[in-house]
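K.L.:
Pasting the sequence and the predicted model now:
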Amino acid sequence: MWIVPEAKIADLMDRATCFTAIEGVFAAMSRGDAYNFPVIRESIGHADALYGFKSGFDRQGLALGLKSGGYWPGNEAKGLTNHQSTVVLFDADTGKVKALVGGNLLTALRTAAASSVSIRHLAREDAKVLGMVGAGHQSAFQMRAAVEQRQFEKVVGWNFHPEMLDRLANTAQELGLPFEAVSLDELGAQSDVIITITSSFDPILSAAQIKPGTHIACMGTDTKGKQEVGADLVARATVFTDEVAQAISIGECQHAVADGLLDKADIAELGAVINGTHTGRSSAEEVTLFDGTGVGLQDLAVAAAVVDLAIAKGVAIEVDF
Ligand code: NAD
């Protein structure tokens, strides 16, 4: 088996490779070539940790395996990342373990790639202003990947904890874009594309704050009870997701569906747009919303790509197992 340690990932993986892997696996899911198994996520009653598995199988790419890990809130005090994950890949022909891959940076990159794929396929071509809601660890990754999709001229941002806004300002500066910290009303009025990436349990943006033609990528809601935008906004938008089952159970759509404002049948897979079986955005005035819940197949796709790169560059560690 091959081991690709966490410390090697940064030098191996780039955003373009990640984008291709995520776009490909969304398309495979929509064709029925790849499917996710039910997610397990449990509070383990130790170290306040949330631990779980995301797994699946891509019959076309032959990626079989799981990402295991979760959230350990006390890690930061120990000099470690709170989110911890590892990907295990198996040989689809024999069931033998194939690779063990550090999953922390890959999770950040694949999540950023998902909103980036949604922008590529759903945002207006003339989008100029990117709105960021959230300024945590993940926000910088989302911004870097997003600006590659359109000719953005400016980034505006809002965060529940304003003292964290420096992360958005610094990332925009690194990307050569002006940054402005704004109110939520201003953010909605200015933005052509909005990414929400927070751990909020209450709606932050409502339908009245969004201008026609906006594309919103809701990326923070990945657990039952979390919520970033009002159910009224989800109901107003044309809604796309990575996987419908996850969107209505642990994603942003859970609330609008529970409130009877959105029917499961009205949620489209982003993969269908990539495959050309859904037209995607139908007018310049339409509000589109991508509910990016984060599926196990994304993790397998980027891990499989990084193993290939690591073997090709001679940095994968081979272990007789
Ligand atoms: P982080 O802890 O570094 O940042 C948390 C962010 O949420 C900060 O901007 C913080 O100010 C904001 N926040 C905290 N409490 C809030 C509240 N009550 N109301 C509004 N905002 C609040 O986390 P991160 O690594 O940046 O991840 C952000 C979110 O994205 C998390 O919820 C995480 O679970 C989720 N996530 C989703 C995926 C996916 O695939 N969809 C992948 C990775 C992370």
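P.N.:
Okay, I see it.
K.L.:
Residue 290: helix or strand, and which one exactly?
P.N.:
strand 288-291 (DSSP states H and E).
K.L.:
how about the closest residue to the ligand within the stretch 1-150 of the chain, what does it touch?
P.N.:
Ranked by C-beta to the nearest ligand atom, the top residue of the stretch 1-150 of the chain for proximity to the ligand is residue 136, at 1.9 Å. Glycine gets a C-beta too; all of them are placed from N, C-alpha and C. Contacts of residue 136 were listed using C-beta atoms under 8 Å, 6 or more residues apart in numbering, and they are 164, 167, 197-199.
K.L.:
can you tell me if the strand holding residue 290 touches the ligand.
P.N.:
No. Looking at strand 288-291 against the ligand by C-beta under 6 Å from any ligand atom, there are no contacts, and the closest approach is 8.8 Å.
K.L.:
Tell me the gap between that strand and the middle of its chain.
P.N.:
Remark: strand 288-291 is offset 12 Å from the chain centroid, using C-alpha atoms, centre = their mean, to the nearest Å.
K.L.:
Tell me the residues of the stretch 151-300 of the chain that contact the ligand?
P.N.:
Going by C-beta under 6 Å from any ligand atom, the residues of the stretch 151-300 of the chain near the ligand are 159-161, 164, 197-200, 204, 219-220, 222, 292-294.
K.L.:
picking that back up, who's in contact with the strand holding residue 290?
P.N.:
Taking C-beta under 8 Å, 6+ apart as the rule, strand 288-291 contacts 114-115, 118, 122-123, 214-218, 221, 229, 233-234, 237-242, 247, 251-253, 267, 270, 280-281.
K.L.:
Pull out the buried residues from the helix or strand that contains residue 16.
P.N.:
Element membership for residue 16, per DSSP H and E: helix 15-31. Buried residues in helix 15-31, counted by 16 or more other C-beta atoms under 10 Å: 17-19, 21-31.
K.L.:
before we move on, what about stretch 132-144?
P.N.:
Buried residues in stretch 132-144, counted by 16+ other C-beta under 10 Å: 132-135, 138-144.
K.L.:
Give me the subset of those residues lying in strands.
P.N.:
132-133 (DSSP state E).
K.L.:
Around residue 79, how many other residues sit close by?
P.N.:
Neighbour count of residue 79, defined by other C-beta atoms under 10 Å: 6.
K.L.:
and residue 252, how many residues sit next to it?
P.N.:
Residues lying near residue 252 (other C-beta under 10 Å) number 31.
K.L.:
thought it was touching residue 228?
P.N.:
Yes. If you go by C-beta atoms under 8 Å, residue 252 and residue 228 touch, sitting 6.2 Å apart.
K.L.:
Checking residue 56 next. Helix, strand or coil?
P.N.:
strand (DSSP: H, G, I helix; E, B strand; the rest coil).
K.L.:
From residue 239, how far out is it?
P.N.:
22 Å (C-beta to C-beta, to the nearest Å).
K.L.:
hmm, back to that, and the buried residues of stretch 132-144 as TSV, adding distance to residue 184?
P.N.:
Formatted as TSV, the buried residues of stretch 132-144 follow (distance: C-beta to C-beta, whole Å):
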residue	distance to residue 184
132	12
133	8
134	12
135	14
138	19
139	16
140	20
141	22
142	18
143	18
144	23
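K.L.:
closest to residue 276 among the buried residues of stretch 132-144?
P.N.:
Using C-beta to C-beta, the shortest approach to residue 276 within the buried residues of stretch 132-144 belongs to residue 142, at 26.1 Å.
K.L.:
if we can go back for a sec, going by distance to residue 101, which of the contacts of residue 136 wins?
P.N.:
When these are compared for distance to residue 101 (C-beta to C-beta), residue 197 comes out closest, at 23.4 Å.
K.L.:
how close does that closest one sit to residue 304?
P.N.:
In terms of C-beta to C-beta, residue 197 sits 25 Å off from residue 304.
K.L.:
where along the stretch 101-250 of the chain do the strands fall?
P.N.:
With strands called from DSSP state E, counting those that start in this stretch, the stretch 101-250 of the chain shows them at 129-133, 154-158, 179-181, 193-196, 215-218, 238-241.
K.L.:
strand partners of the second one, parallel vs antiparallel please.
P.N.:
When sheet partners are counted by DSSP bridges, strand 154-158 sits next to strand 129-133 (parallel), strand 179-181 (parallel).
K.L.:
Most neighbours among the residues of the stretch 151-300 of the chain next to the ligand, please name it.
P.N.:
residue 292 leads those on contacts (other C-beta under 10 Å) with 33 neighbours.
K.L.:
ok, it touching residue 114?
P.N.:
Yes. Applying C-beta under 8 Å, one finds residue 292 in contact with residue 114, separated by 4.6 Å.
K.L.:
ok, back up a step: rebuild the buried residues of stretch 132-144 as JSON lines, extending it with pLDDT.
P.N.:
Below are the buried residues of stretch 132-144 laid out as JSON lines (pLDDT from 0 to 100):
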{"residue": "132", "pLDDT": "99"}
{"residue": "133", "pLDDT": "98"}
{"residue": "134", "pLDDT": "98"}
{"residue": "135", "pLDDT": "98"}
{"residue": "138", "pLDDT": "96"}
{"residue": "139", "pLDDT": "98"}
{"residue": "140", "pLDDT": "98"}
{"residue": "141", "pLDDT": "98"}
{"residue": "142", "pLDDT": "98"}
{"residue": "143", "pLDDT": "98"}
{"residue": "144", "pLDDT": "98"}
